[in-house]
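**Student:** I would like to see how this sequence folds:
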Amino acid sequence: MKKIKVLALCAIAAGVITSCQKDEINNDLQPESIELSKDLQDKMLAAGVNPGDAYIKDLVNPLTGESQRVVTSGDITLFEDILKSGGYALGDTEDGNKQYRTNNLVSSGNRTIDILGYTGSCCALSSRMQTGLQWAVNNYNRINTTLNFRLTFGTNFQAADMVVYDNGQGGQGGSAGFPEGGRPFKFIQILSGMASASNNVNEHVIGHEIGHALGFRHTDYARRRCGGANEGTAGVGAINIPGTPSANQWGQSGLDSGSLMISCFDGSEDGEFSNFDIVALEFLY
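**Tutor:** Just a heads-up that it's a prediction; the model follows:
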């Protein structure tokens, strides 16, 4: 999530990693760019992701040591092997409209979620990050859904369903992915600069990234608060959740600008859900 950030509890997206950083500060790493083939660009379009500024890099998980090649466009990152296989492509409804696959939500059998705040030497959450995580989990647990988060702090990431850790990179914000196979996305990265942010802003950023890990897309996905980019192209976008505003562009009349899932943040956030965020969560879960 960028400090000005992109989350949408009012819209769903599929199997992707997204990052959100601070208002109009771009903290994205820019490794040597590898040009995408026409086939990969077409598959990104089929997934509702703009390939215009996309590049390929190797992403290393500091906890597992595993490296995976990913394709990144703005703050959205897709695993290259899944992209090549067409695994991110949006399905079609009977009337021909695009929709996001059901496995991009957490299935009913996986909604008791053991979430770990990592405290090991390489990637420990700071005191404020830990407080923000606790407050964010409290927010999710207090609303009327079938989700139940069980929070612990420690190092046993293997046993957790979701792991929140400091990735050691500068700047403020975080990144996460979307559910796969009915399970929440596991590894949520928080930028080290969040150690100096307030408890409320940590609550906001971590709550936002948890939202992505549950399958929520940025509320302002069609025109992001930071940069104005459209995360979907060729008429493909997220599905509006009943009971929430259809506005999906920053600056548009009717947009839920107080949503936790707005793409970017400016440091004044209180970390709480908007009323429409709660409507969305209770509808889907």
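
**Student:** What segments of the stretch 101-250 of the chain are strands?
**Tutor:** In the stretch 101-250 of the chain, the segments counted as strands under DSSP state E, counting those that start in this stretch are 112-118, 148-154, 162-166, 173-177, 187-190.

**Student:** what about the ones you listed, which gets the closest to Leu260?
**Tutor:** Shortest distance between Leu260 and those, using Cβ to Cβ, is found for strand 173-177: 12.7 Å. (Glycine included, C-beta is placed from N, CA and C.)

**Student:** Which elements pack onto the closest one?
**Tutor:** Strand 173-177 sits against strand 17-22, strand 187-190, helix 199-213, with contacts defined as 3 or more Cβ pairs under 8 Å, 6 or more residues apart in numbering; DSSP states H and E.

**Student:** Just put these in CSV and tack on mean neighbour count, distance to Val70 and mean pLDDT.
**Tutor:** Converted to CSV, the helices and strands packed on strand 173-177 look like this (neighbours: other Cβ atoms under 10 Å; distance: least, Cβ to Cβ, whole Å; pLDDT from 0 to 100):
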stretch, mean neighbour count, distance to Val70, mean pLDDT
strand 17-22, 28, 7, 55
strand 187-190, 26, 13, 92
helix 199-213, 27, 15, 94
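
**Student:** Ser274 is nearest to which of these?
**Tutor:** Closest of these to Ser274 is helix 199-213, at 11.5 Å (criterion: Cβ to Cβ).

**Student:** what packs against the closest one?
**Tutor:** For helix 199-213, the helices and strands in contact under the criterion 3+ Cβ pairs under 8 Å, 6+ apart are strand 17-22, helix 127-142, strand 162-166, strand 173-177, strand 187-190.

**Student:** Reformat those into CSV and put distance to Arg69 next to each item.
**Tutor:** Formatted as CSV, those follow (distance: least, Cβ to Cβ, whole Å):
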stretch, distance to Arg69
strand 17-22, 13
helix 127-142, 29
strand 162-166, 21
strand 173-177, 15
strand 187-190, 16
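
**Student:** Among those, show the one with the smallest mean pLDDT.
**Tutor:** Lowest mean pLDDT of the helices and strands packed on helix 199-213: strand 17-22, a mean of 55.

**Student:** Quick check: what element follows that one along the chain?
**Tutor:** helix 38-46 (DSSP states H and E).

**Student:** in the helix or strand that that following helix is followed by, what's buried?
**Tutor:** Next in sequence after helix 38-46, counting helices and strands by DSSP H and E, comes strand 55-60. Across strand 55-60, burial judged by 16 or more other Cβ atoms under 10 Å covers Tyr55, Ile56, Lys57, Leu59.

**Student:** any idea how far Ile56 is from Ala47?
**Tutor:** Between Ile56 and Ala47 the computed distance is 15 Å (Cβ to Cβ, to the nearest Å).

**Student:** hey, which of the strands of the stretch 101-250 of the chain is tucked in deepest?
**Tutor:** strand 173-177 (a mean of 28; mean count of other Cβ atoms under 10 Å).

**Student:** Just want the angle from that strand to helix 127-142.
**Tutor:** Orientation check (axes from the mean of the first three to the mean of the last three Cα atoms, to 10 degrees): strand 173-177 against helix 127-142 gives 50 degrees.
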